[in-house]
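Undergrad: show me the folded form of this:
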Amino acid sequence: MFEKKDFIFTSESTPAIDTDLSASTELAFELIGVADAINVTDSPNCKARLNSLIVASELKRNGLDVILQLTGRDRNLIALESELLGALSVGINKILCLSGDQPGEDGPKVVNELDSNGLINLCTTMTNGSLSDGTQIKNHLPIYPGAADDIYTQLSSSDTIQKLISKIDQGAKFIQTQYCFDLDAIERYAELINQHSNFDDCFVLIGMGPLKSAKQADWMRKNLWGVNISDDILYELENSNDPIQKGENICIELIEKIKDFPAINGVHLMGPKCEKGSARIISHFK
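TA: Sure, this is the predicted structure:
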């Protein structure tokens, strides 16, 4: 992925609540030979799923480059280091470092020993050949950590860019943003990023995804952190004879307009069971 010079396309897949491994991999196979990489999510919305590293390993074995999402919410330092060693042992070296969705007061207990910044630092430490306590790693390998960002927060708060820059300074090699279907907001974000040389060697991917219905889009914007979907898009989906195709066309039209923006290196396509729709969107550009 990081050797690629053209516009990058990543997507995502969420493991199932199922002991059958194929139930968590078959949809993602749609993206083999299509996506440049696929994120495997880490128990999103504080809901237990089949272990993401097991799913990621199977996808890697079948020819997909994988970005393993990893949160500090559920694991202490020892477990995080073990997870990263396990990922490297099966050829997975790209990690999206997240603090993780936090449960409500009546939810499960969380660990939160490391937040997203701490995870990026840990990846950098292990890349340099040791665990956090100084123990040397035999046959150590590089890790390419990434960070999430929210375009709307960046544009509304002048000091937020420094927080993102600090993640790059700590070692982040790529950025994947939350959903944004707003051309003007993406353009302003690209201009902001382009003002800082820190991003020169960092891949910035704009988040969007194949919305399937107005109902789905409305639920997502009301319940998921950082998701902004306009009333205009809901109206388009609600009044379309084929909302699935309309959702894909919205992404295609937006990608056509942003793919030459400065400092923007690609898009990240996400959403519930988005794999088939993402494959069709990416194939439009291949």
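
Undergrad: burial of residue 248, as a residue count?
TA: 22 (other C-beta atoms under 10 Å). Using the backbone N, CA and C atoms, a C-beta is placed for each residue, glycine as well.

Undergrad: return the set of buried residues in the host helix or strand of it.
TA: In this assignment (DSSP states H and E), residue 248 forms part of helix 243-258. Neighbour-count burial for helix 243-258, counted by 16 or more other C-beta atoms under 10 Å, picks out 243-244, 246-251, 254-255, 258.

Undergrad: just the CA trace of that helix, in PDB.
TA: Coordinates of each C-alpha in helix 243-258 appear next as PDB, following Å, rounded to 0.1, in the frame of the first residue of the first chain:
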ATOM      1  CA  PRO A 243     -31.200   3.800  -3.100                       C
ATOM      2  CA  ILE A 244     -28.300   1.300  -3.100                       C
ATOM      3  CA  GLN A 245     -27.100   2.500  -6.500                       C
ATOM      4  CA  LYS A 246     -27.700   6.100  -5.500                       C
ATOM      5  CA  GLY A 247     -25.500   5.600  -2.400                       C
ATOM      6  CA  GLU A 248     -22.700   4.200  -4.500                       C
ATOM      7  CA  ASN A 249     -23.100   6.900  -7.100                       C
ATOM      8  CA  ILE A 250     -22.800   9.600  -4.400                       C
ATOM      9  CA  CYS A 251     -19.400   8.200  -3.500                       C
ATOM     10  CA  ILE A 252     -18.200   7.800  -7.100                       C
ATOM     11  CA  GLU A 253     -19.200  11.400  -7.900                       C
ATOM     12  CA  LEU A 254     -17.500  12.700  -4.800                       C
ATOM     13  CA  ILE A 255     -14.300  10.700  -5.400                       C
ATOM     14  CA  GLU A 256     -14.100  12.000  -9.000                       C
ATOM     15  CA  LYS A 257     -14.000  15.600  -7.600                       C
ATOM     16  CA  ILE A 258     -11.500  15.000  -4.800                       C
END
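
Undergrad: show me what secondary structure element comes after it.
TA: strand 266-269.

Undergrad: same for the helix holding residue 248, what does it pack against?
TA: Counting contacts by 3 or more C-beta pairs under 8 Å, 6 or more residues apart in numbering; DSSP states H and E, helix 243-258 packs against helix 183-194, strand 203-208, helix 231-238, strand 266-269, helix 275-283.

Undergrad: nearest to residue 124, of the buried residues of helix 243-258?
TA: residue 258 (30.0 Å; C-beta to C-beta).

Undergrad: for that closest one, which non-adjacent residue is spatially closest?
TA: residue 186 (5.3 Å; C-beta to C-beta, 6 or more residues apart in numbering).

Undergrad: thinking again about what came up before, will you turn the helices and strands packed on helix 243-258 into a markdown table that also has mean pLDDT?
TA: Shown next, in a markdown table, are the helices and strands packed on helix 243-258 (pLDDT from 0 to 100):
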| stretch | mean pLDDT |
| --- | --- |
| helix 183-194 | 97 |
| strand 203-208 | 97 |
| helix 231-238 | 95 |
| strand 266-269 | 98 |
| helix 275-283 | 98 |
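
Undergrad: what's the most buried one of those?
TA: Highest mean neighbour count among these (mean count of other C-beta atoms under 10 Å): strand 266-269, with a mean of 28.

Undergrad: residue 177: neighbouring residues, count only.
TA: Neighbour tally, residue 177, other C-beta under 10 Å: 24.

Undergrad: sec struct for it, please.
TA: The three-state label given to residue 177 by DSSP: H, G, I helix; E, B strand; the rest coil is strand.

Undergrad: buried sites along stretch 120-127?
TA: Buried-residue list, stretch 120-127, by 16+ other C-beta under 10 Å: 120-123, 125-127.

Undergrad: hang on, residue 49 is in a helix, isn't it?
TA: No - counting by three-state DSSP, residue 49 is not part of a helix but coil.

Undergrad: re the thing from before, show me which of the buried residues of helix 243-258 is closest to residue 200.
TA: residue 258 (18.9 Å).

Undergrad: so who does the closest one touch?
TA: 183, 186-187, 190, 206, 264, 267 (C-beta atoms under 8 Å, 6 or more residues apart in numbering).

Undergrad: determine which two of those are furthest apart.
TA: That would be 187 and 267, which, of the contacts of residue 258, are the farthest apart (C-beta to C-beta) at 14.3 Å.
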